[in-house]
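**Student:** Pasted the sequence and its predicted model underneath.
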Amino acid sequence: MQELENSGISVAAISYDSEEVLADFANRRSITFPLLSDDDSSVIRAFGIYNTVAEEGVGPNRDDPEIAADYAKYVSAVGTAPVVVGTPYPGTFMLDATGRVGARFFEEFYAERNTTSNVMLNLGIGLSPIAAVQGETAQLKFTAYPSNPAVTAGTKFSLAVDVDPGPDMHVYAPGAESKGYRVIGLRLDPNEHVRFEPVEYPDSEIYYFEPLDEYVPVYQQPFTVLQEAVVGASRETQAALRELDALTISGSLDYQACDDAICYNPVSIPVAFTLDLELLDRQRANR
């Protein structure tokens with residue numbers, strides 16, 4: 001919260017829950033930012049995110065296979081209950097001082113949620129790295145860190161790598177693989193509980209490599225690579241996570257670097273991230 005406030009960002013959460021439910025939740029989870037009760041869903045409707053699938057899922061046609069499938073995708077994968085009517089499609093809006101929406105973050109599966117830190121990273125507002133892995137080679141320095149030190153079922157987060165190429169060095173960006181170079185990136189080992197999304201790269205620059213008379217996309221200035229990941233949210237994954245003390249993601253930082261005269265051999269540096277596991281509020285109550 002302090003880092004958000006220092007960046008000029010305020011936070012408020014809006015749901016259809018009653019003031020009593022929100023007050024109890026805020027007290028139990030030590031939440032200090034405003035939790036706003038939209039118990040008639042008027043604000044949810046005004047933002048255009050009212051979840052009509054919830055009503056269909058408990059209506060007279062709830063046994064229709066298509067409606068049941070939509071209900072599992074957009075409302076609840078673990079059953080039906082009338083209390084879900086009135087909810088929104090969950091997501092995050094970023095508003096400026098005039099109330100104008102500048103960005104929004106939504107996921108198709110209702111149980112997958114972007115973290116605040118991940119939203120900030122995607123907006124280019126980096127928060128202080130937590131549990132970072134730092135390294136240095138002859139060609140560059142790097143700091144690799146998760147956007148969040150703790151995750152839960154459905155968490156969408158990022159593994160970020162801040163890279164600082166050495167003097168007169170460049171590393172290869174997407175597109176350079178067509179010329180036989182290794183593009184910098186995280187190569188992560190398969191994890192049965194985590195889905196890895198396509199890597200997000202910043203804009204690169206075209207570099208003329210005189211010894212080979214070729215033009216290639218590279219990075220010469222400090223930059224950040226984001227590897228987004230999503231923790232599974234199925235019932236099976238939730239049950240498996242309850243048996244674990246932590247979630248470990250391992251792999252390597254792969255790259256190839258060159259200076260103005262020499263291209264060095266490709267490099268793979270082992271990296272690993274250990275994330276704490278938190279239970280969702282309903283999971284904590286049922287454990």
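**Tutor:** Alright, I've got the coordinates.
**Student:** Could you pull up the residues touching residue 150?
**Tutor:** 275-278 (CB atoms under 8 Å, 6 or more residues apart in numbering). All C-beta atoms are positioned from the backbone trio N, CA, C, and that covers glycine.
**Student:** Just the pLDDT at the most far-flung residue of the chain relative to its centre, thanks.
**Tutor:** Distance from the C-alpha centroid of the chain, by CA atoms, centre = their mean, peaks at residue 211 (40.6 Å). Here the pLDDT value assigned to residue 211 is 82.
**Student:** Just to check, it is in contact with residue 261?
**Tutor:** Yes. Here residue 211 lies in contact with residue 261, judged by CB atoms under 8 Å, at a distance of 6.4 Å.
**Student:** ok, back up a step: of all the contacts of residue 150, which comes closest to residue 239?
**Tutor:** residue 277 (12.6 Å; CB to CB).
**Student:** residue contacts, the closest one?
**Tutor:** 150-152, 241, 244-247.
**Student:** any idea how far it lies from residue 235?
**Tutor:** Plainly put, residue 277 is 16 Å away from residue 235 if you go by CB to CB, to the nearest Å.
**Student:** picking up where we left off before, scan the contacts of residue 150 and report the most crowded one.
**Tutor:** residue 275 (22 neighbours; other CB atoms under 10 Å).
**Student:** Okay, now the unreliable bits of the stretch 1-150 of the chain?
**Tutor:** 77-83, 126-131 (pLDDT under 70).
**Student:** so how many other residues sit close to residue 33?
**Tutor:** Neighbours of residue 33 using other CB under 10 Å come to 12.
**Student:** How about the one 5 residues further on?
**Tutor:** The local packing of residue 38 (other CB under 10 Å) involves 17 other residues.
**Student:** For it, grab phi and psi.
**Tutor:** phi -110, psi 60 (degrees, to the nearest 10).
**Student:** looking at it, it is touching residue 14, isn't it?
**Tutor:** Yes. Under the criterion of CB under 8 Å, residue 38 makes contact with residue 14 at 5.2 Å.
**Student:** Residues that sit against both of these two, list them.
**Tutor:** What both residue 38 and residue 14 touch, as defined by CB under 8 Å, 6+ apart, is the set residue 44.
**Student:** OK, contacts around residue 183?
**Tutor:** 172-177, 255-256.
**Student:** Of those residues, which is the nearest to residue 108?
**Tutor:** Of the contacts of residue 183, the one sitting nearest to residue 108 (CB to CB) turns out to be residue 174, at 25.4 Å.
**Student:** Might one say that the closest one is in contact with residue 217?
**Tutor:** Yes. Applying CB under 8 Å, one finds residue 174 in contact with residue 217, separated by 6.7 Å.
**Student:** Report the set of residues contacting both of the two.
**Tutor:** By CB under 8 Å, 6+ apart, the residues touching both residue 174 and residue 217 are residue 204.
**Student:** residue ranges for the strands of the stretch 51-200 of the chain, please.
**Tutor:** 91-95, 101-106, 113-114, 133-136, 140-146, 150-151, 155-165, 170-172, 185-188, 194-200 (DSSP state E, counting those that start in this stretch).
**Student:** Can you tell me the SS state at the closest residue to residue 154 other than its chain neighbours?
**Tutor:** What sits nearest to residue 154 in space, not counting adjacent residues and going by CB to CB, 6 or more residues apart in numbering, is residue 233, at 3.7 Å. Here residue 233 is recorded as coil under DSSP: H, G, I helix; E, B strand; the rest coil.
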